[in-house]
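# Pasting the sequence and the predicted model now:
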Number of protein chains: 2
Amino acid sequence: MNDVIQILKKYSESIDNEINESLSTISPQALRDSSIHLISAGGKKLRPSLVVLSCEAVGGKPDYSFKTASAMELIHTFSLIHDDIMDKDDMRRGEPSVHVLWGEPMAILAGDTLFSKAFETVLRTEIEESFHKRINETLAVVVDSCIKICEGQACDMSFEGNFDVKESEYMNMIYKKTGALIAASTKAGAIMGGGTSEQVDALFEYGKLIGLAFQIQDDYLDVVSDEESIGKPVGSDIVEGKMTLMVVKALAEASEDDKDTLITILKENNPQRVDEAIAIFNKYGSIQYAHDIALSNVKKAKELLNILDDSEAKNALILIADFVLQRQH
Amino acid sequence: MNDVIQILKKYSESIDNEINESLSTISPQALRDSSIHLISAGGKKLRPSLVVLSCEAVGGKPDYSFKTASAMELIHTFSLIHDDIMDKDDMRRGEPSVHVLWGEPMAILAGDTLFSKAFETVLRTEIEESFHKRINETLAVVVDSCIKICEGQACDMSFEGNFDVKESEYMNMIYKKTGALIAASTKAGAIMGGGTSEQVDALFEYGKLIGLAFQIQDDYLDVVSDEESIGKPVGSDIVEGKMTLMVVKALAEASEDDKDTLITILKENNPQRVDEAIAIFNKYGSIQYAHDIALSNVKKAKELLNILDDSEAKNALILIADFVLQRQH
């Protein structure tokens, strides 16, 4: 755990500097302040660190990728700002959301500005003439993940009140919504670092697998952890009627009666019935099933790294894969 | 007029095909439909045509720039969708706005998707290896205009209820909000066409000048035209209390009494007092002033084209500059 915190801290300053430089020229001030707000509120910097580590793991210099790394954090932040408007989430990173402080119109604009700034930042990579091709390839990866984020959010919205979602549809949704940007981070880093196409592909798959494991573990912790560790009541997802792998699996396996009961609980927003829902999950092995998939994803992700020469960066990527399952929130 | 309609039609099909291809893969369907809606509703295709004409005017083949041209239309559409949410405009191009038909969350996503698709489209330009640099430079131009659009909209919002806006501040706002994307269209076309840096700069300035003239002429027509021509009551901008060059100029020149009267009218939303406001504009010559600036911009824009060899595309650019002042809506 502490190792990973150190790893994520290592490049934080360089990335923060890039981002601050990029955002400092925005005017008028309300747009600048609203664009900077959520970034100033912190965040783990997982995605940008994965960019730089992937760049180094294929033999690139870290400064080949700092601007791309910053871009990934900008895109992550843009998507959080717009998601919070769509989902009417009023708090983020312990602070009021951008739309709460500046209103929805300015929050929409702040997101759009960060989105633009992400591309600008990648394009400001000042290396050699020969890097134009790498930059274009990187931008194609970034853009692809942006489209997937939008599609994933739209999919998630379309699942609301739909209890016939198939496991493959659910996995596709969380891949687009959460996995795609993490996979794009590792892939973009590998491209900027000049990796071979095999290395680029392996790091993309690594990112995709840990991204999915990350989301599944999040949902898993909601039912097996305690309130103190996750910072919210156990079973919050159940009370909110959120679609998770455990819900999808239980609904697919359950008897008609149990299925009806689970759907009723999910629609009911009643904290009193969390234990009942968890009992149904357990009856059909869906909690264990979700945990097994997260474990297996992390195992496969680490195996994919065998293609890389040994390095500090490779070790860090292994530790980050394990961290996905170790974290408590 | 008819000449220009023919010019704008010339590339419409190629551009529509590019856009349709680009958007056809979006899923789920609600996101695809909401993303396509406003583009299907039509539009003049001014920006994409300017891209292709600028490409040809510096000696490039039109197909060097079709994807960039389509990207400009996608960005224009993205900004209209988000603006309509922010400004609570319920109609656009004779159809209900995207947020009216699909709700705000889906409309935010549709805008974000078109934004991403714009970059994807430029990056799909399949020409030669040597084009990577041109694509990088073009993307930098596109991104710069996206940031300016956001800044311009934020500026416009900050002007609401502020009657101390200076002429330079107003011009900067409309440049960012309207001129920047038109200037980026001509510049990007010139870059993709392989223009010299002088040609690229001249076409950028040309775009900026006609973009500003376009906006000023819009505001001018609101007070000098008739309801039938502009498709809305004369003086709508006055009733809405909109900031225009005529308002800025009149407020700067007027006596305290006339200034107070004009501000009262702008705050009042009263169609009965349109004539009174127009009388104040005329008293301080602000209608003529706005018209003179639009005329002078168009004249300068056409002069800048002298740097180009004679060609059909150059002639078309001259006609488009004139069209900015001839159009009635």
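Thanks, I have it.

# of all of the stretch 151-300 of chain A, which residue lies closest to chain B?
For the stretch 151-300 of chain A, the residue closest to chain B is residue A:154, as judged by C-beta to the nearest C-beta, at 3.9 Å. Where you see a C-beta, it was placed from the backbone N, CA and C, and this is true even at glycine.

# so what's that residue closest to, chain neighbours aside?
The spatially closest residue to residue A:154, leaving aside those adjacent along the chain, is residue B:31, at 3.9 Å (C-beta to C-beta, 6 or more residues apart in numbering or on different chains).

# Same question for residue A:105.
For residue A:105, the nearest residue in space outside its immediate sequence neighbours is residue B:86; the separation is 3.8 Å by C-beta to C-beta, 6+ apart.

# what mean pLDDT would you report for stretch A:57-65?
For stretch A:57-65, the mean pLDDT works out to 95.

# From one end of it to the other, what's the distance?
Using C-alpha to C-alpha, to the nearest Å, the span of stretch A:57-65 from its first residue to its last is 12 Å.

# same check, this time on stretch A:162-179
Using C-alpha to C-alpha, the distance between the terminal residues of stretch A:162-179 is 22 Å.

# Can you list the buried residues in that stretch?
Taking 16 or more other C-beta atoms under 10 Å in any protein chain shown as the basis for neighbour counts, the residues of stretch A:162-179 that come out buried are A:163, A:165, A:169-179.

# Return the distance of it from the chain's centre.
Shown here is stretch A:162-179, whose average C-alpha point lies 15 Å from the average C-alpha point of the whole chain (C-alpha atoms, centre = their mean, to the nearest Å).

# tell me the mean pLDDT over that stretch?
Looking at stretch A:162-179 alone, the average pLDDT works out to 96.

# That one and chain B in contact?
No - for stretch A:162-179, no contact with chain B is found by C-beta under 8 Å from any C-beta of the partner chain; the gap never falls below 9.3 Å.

# Any chance you could list what contacts that stretch?
Residues external to stretch A:162-179 that are found in contact with it (C-beta atoms under 8 Å, 6 or more residues apart in numbering or on different chains): A:148-149, A:151-153, A:155-156, A:159, A:207-208, A:211-212, A:214-216, A:243, A:245, A:248-249, A:251-252, A:263, A:266.

# ok, back up a step: show me the contacts for the residue nearest to residue A:154.
By C-beta under 8 Å, 6+ apart, residue B:31 lies in contact with A:150, A:151, A:154, B:106, B:109, B:110, B:113.

# which of these lies closest to residue B:69?
Closest approach to residue B:69 among the contacts of residue B:31 (C-beta to C-beta): residue B:113, at 19.0 Å.

# re the thing from before, among the contacts of residue B:31, which ones are buried?
Members of the contacts of residue B:31 classed as buried by 16+ other C-beta under 10 Å are A:150, A:151, A:154, B:106, B:109, B:110, B:113.

# Out of these, name the ones that lie in helices.
Per DSSP state H, helices hold the following members of those: A:150, A:151, A:154, B:106, B:109, B:110, B:113.

# Show me what from the stretch 101-250 of chain A comes close to chain B.
Counting by C-beta under 8 Å from any C-beta, the residues of the stretch 101-250 of chain A that sit close to chain B are A:104-106, A:108-109, A:111-113, A:115-117, A:119-120, A:123, A:129, A:132-133, A:135-136, A:139-140, A:143-144, A:146-147, A:149-151, A:153-155, A:157-158.

# out of those, which are buried?
A:105-106, A:108-109, A:111-113, A:115-117, A:119-120, A:123, A:132-133, A:135-136, A:139-140, A:143-144, A:146-147, A:149-151, A:153-155, A:157-158.

# Now name the helix or strand holding the residue sitting furthest away from the middle of chain A.
Of all residues in chain A, the one whose C-alpha sits farthest from the chain's mean C-alpha position, using C-alpha atoms, centre = their mean, is residue A:257 at 35.3 Å. Here residue A:257 is covered by helix A:256-268, with elements defined by DSSP states H and E.

# That helix packs against which elements?
helix A:245-253, helix A:274-283 (3 or more C-beta pairs under 8 Å, 6 or more residues apart in numbering or on different chains; DSSP states H and E).

# Give the buried residues for the shortest one.
When burial is assessed from 16+ other C-beta under 10 Å, helix A:245-253 yields the following buried residues: A:245, A:246, A:247, A:248, A:249, A:250, A:251.

# Determine how far it lies from the middle of the whole chain.
That offset, for helix A:245-253, works out to 23 Å (C-alpha atoms, centre = their mean).

# Please apply the same query to the last one.
Relative to the mean C-alpha coordinate of its chain, helix A:274-283 is positioned 27 Å out (C-alpha atoms, centre = their mean).

# So what touches it?
Contacts to helix A:274-283, defined as C-beta under 8 Å, 6+ apart, come from residues A:223, A:234-235, A:238-239, A:246-247, A:250, A:254, A:258, A:261-262, A:265-266, A:287.

# List the contacts of residue A:210.
Residue A:210 makes contact with A:182, A:297, A:298, A:301, A:320, A:321, A:324 under the criterion C-beta under 8 Å, 6+ apart.

# 6 Å instead?
A:301, A:321, A:324 (C-beta atoms under 6 Å, 6 or more residues apart in numbering or on different chains).

# does any part of stretch A:62-69 sit near chain B?
No - using C-beta under 6 Å from any C-beta of the partner chain as the criterion, no contacts between stretch A:62-69 and chain B are found, and the smallest distance is 12.7 Å.

# buried stuff in that stretch?
For stretch A:62-69, burial by neighbour count (16+ other C-beta under 10 Å) applies to A:62, A:64, A:65, A:66, A:67, A:68, A:69.

# that's a strand at the fifth one, yeah?
I take that to be residue A:67. No - under DSSP: H, G, I helix; E, B strand; the rest coil, residue A:67 sits outside any strand and is assigned helix.

# shouldn't it be in contact with residue A:119?
No - Residue A:67 is beyond contact range of residue A:119, at 10.6 Å (criterion: C-beta atoms under 6 Å).

# Show me where chain A has its strands.
A:91-92, A:95-96 (DSSP state E).

# Can you give the strand pairings for the first one, parallel or anti for each?
Each strand paired with strand A:91-92, and its direction, by DSSP bridges: strand A:95-96 (antiparallel).

# quick check: mean pLDDT across the partner strand?
Per-residue pLDDT values over strand A:95-96 give a mean of 94.

# what about the helices in the stretch 151-300 of chain A?
Listed in chain order, the helices found in the stretch 151-300 of chain A under DSSP state H, counting those that start in this stretch are A:167-174, A:180-192, A:197-224, A:227-230, A:236-239, A:245-253, A:256-268, A:274-283, A:286-304.

# Geometrically speaking, which residue is the centre of chain A?
Nearest to the mean C-alpha position of chain A, by C-alpha atoms, centre = their mean, lies residue A:178 at 4.1 Å.

# Can you find the helix or strand of chain A with the lowest average pLDDT?
helix A:227-230 (a mean of 78; mean pLDDT, DSSP states H and E).

# mind saving the C-alpha coords of that one as CSV?
This file holds the C-alpha atoms of helix A:227-230, laid out as CSV (Å, rounded to 0.1, in the frame of the first residue of the first chain):
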residue,chain,number,x,y,z
GLU,A,227,-18.4,1.7,7.0
GLU,A,228,-15.2,3.1,8.4
SER,A,229,-13.0,1.7,5.6
ILE,A,230,-15.1,2.7,2.7
